[in-house]
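A.B. asks: Okay, sequence plus prediction incoming.
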Amino acid sequence: MALQITNLNFSELVNSGKPTVVDFWAEWCGPCRVVSPIIDELAEEYEGRVNIGKVDVDGDGNEEVVGMFGIRNIPTVLFFKDGKLVDKVVGATTKENFRKKIDALL
C-alpha cells in the first residue's frame with residue numbers, strides 16, 4: 001500500500017536518501033482511480049527501496065505541497081532522486097511506464 005503523503009511528511013520522505021514517487025490524486029478523479037491501484041502495487045514491489053505515496057489534492061493540510069509544484073491536472077506523478085524533482089507524468093499511463101521511470105531512479 002502506498003504511503004499517505006502530507007505537508008507534514010513530504011520533505012522527510014523526499015530527503016530520506018531513497019528515491020521517492022508522489023502521486024497527486026483526488027477521489028472524484030476518474031483517471032486517478034485507474035492510476036491508484038498501479039501506485040499501490042508498485043509501492044509493494046519497491047518496498048524498502050523506493051518511497052511511493054499519494055497526496056490527496058483535496059485533503060486538509062496538503063495545500064502547501066500541491067502549491068509547491070503547481071499541480072493543476074491530476075493525476076500527476078512526480079519522481080524525486082536525491083531530494084530533487086527529476087521526472088513527471090501527467091495523466092494516466094501504464095504500470096510498465098511507471099516501472100521504467102522508477103528503475104531509472106535506482
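C.D. replies: Perfect, thanks for sending it.
A.B. asks: rest of the way, CA atoms for contacts and neighbours
C.D. replies: OK.
A.B. asks: which strands and helices sit next to the longest helix belonging to the chain?
C.D. replies: In the chain, taking DSSP state H as the definition, the longest helix is helix 30-45. Packing contacts for helix 30-45, counted by 3 or more Cα pairs under 8 Å, 6 or more residues apart in numbering; DSSP states H and E, involve strand 51-56.
A.B. asks: mind checking how far the spatially closest residue to residue 44 that is not a sequence neighbour is from residue 43?
C.D. replies: Spatial nearest neighbour of residue 44, chain neighbours left out: residue 1 (6.2 Å); criterion: Cα to Cα, 6 or more residues apart in numbering. Counting by Cα to Cα, to the nearest Å, the gap from residue 1 to residue 43 is 6 Å.
A.B. asks: Looking at the two now, which is surrounded by more residues?
C.D. replies: For residue 1 and residue 43, the more surrounded residue by other Cα atoms under 10 Å is residue 43, and the numbers stand at 20 against 15.
A.B. asks: mind listing what that one touches?
C.D. replies: Residues in contact with residue 43 (Cα atoms under 8 Å, 6 or more residues apart in numbering) are 1, 2, 50, 51, 52, 53.
A.B. asks: Let me have those in CSV, extended by pLDDT and distance to residue 22.
C.D. replies: Listed next are these as CSV, based on pLDDT from 0 to 100; distance: Cα to Cα, whole Å:
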residue, pLDDT, distance to residue 22
1, 89, 13
2, 95, 9
50, 98, 11
51, 98, 8
52, 98, 6
53, 97, 5
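A.B. asks: residues in contact with residue 3?
C.D. replies: The contact partners of residue 3, taken as Cα under 8 Å, 6+ apart, are 51, 52, 53, 54.
A.B. asks: For the residue nearest in space to the middle of the chain, name its beta-bridge partners.
C.D. replies: Central residue of the chain (Cα atoms, centre = their mean): residue 22, 1.4 Å from the mean position. Residue 22 has these beta-bridge partners by DSSP bridges: residue 53, residue 78.
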